[in-house]
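Peer 1: sequence unknown, structure follows:
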């Protein structure tokens, strides 16, 4: 159950490539890509069980090029979108050639991996064509608890980032199409084992 989007040009011989941007094409593709990001957000909201995402709408979705540059975003939360491009770029640098079809990446580290704060977890999915990454889709959502020395994350008595909750620099949430439940559970539960 996948949906492929392909843009087809009827006659490649009639295509004139120029360094001048055609404002009509720019508008068409801008709206198409923004529409995809908006649909990502609607799907995330509809399928979520989190009050933060379903009702508070504390999430953002966007499309990025193969290097992590922003292509289009839905008009969600600006604070998420400002840092999300750096989150994607960091994962591209971190994983290099080790991103494969069937992988989904996750991170939230605000100092090292482009996160905004620990409860905002970013999920990044590479999109391939002919075994080459052509773009990434990413969503960032606020989570009520990401571990830490007290429930609710970001406890006021924290002295280190790790005491606030799970600080994920880079992890494959899905590897070769398999959900890494044990690995993500270990990452999220580890900060709760720290002494406070």
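Peer 2: Structure's in. What do you need? Everything numeric in this text was worked out from a predicted model, so none of it was measured.
Peer 1: where along this protein do the helices fall?
Peer 2: Remark: helices of the chain, listed N- to C-terminal, are 23-47, 51-54, 78-95, 161-164, 181-189; assignment by DSSP state H.
Peer 1: can I get the ones you listed in a markdown table including mean pLDDT?
Peer 2: Compiled in a markdown table, the helices of the chain are given as follows (pLDDT from 0 to 100):
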| stretch | mean pLDDT |
| --- | --- |
| helix 23-47 | 90 |
| helix 51-54 | 88 |
| helix 78-95 | 88 |
| helix 161-164 | 86 |
| helix 181-189 | 93 |
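Peer 1: and the residue nearest the centre of the chain, how far from residue 23?
Peer 2: Centroid-nearest residue in the chain: residue 138, 2.7 Å away (criterion: CA atoms, centre = their mean). For residue 138, the distance to residue 23 (CB to CB, to the nearest Å) stands at 28 Å. Backbone N, C-alpha and C define where each C-beta goes, glycine included.
Peer 1: for residue 68, same thing?
Peer 2: Distance from residue 68 to residue 23, counting by CB to CB: 26 Å.
Peer 1: please apply the same query to residue 160.
Peer 2: 51 Å.
Peer 1: before we move on, what about residue 70?
Peer 2: Counting by CB to CB - residue 70 and residue 23 are separated by 20 Å.
Peer 1: and the pLDDT at residue 154?
Peer 2: Residue 154 carries a pLDDT score of 72 in this model.
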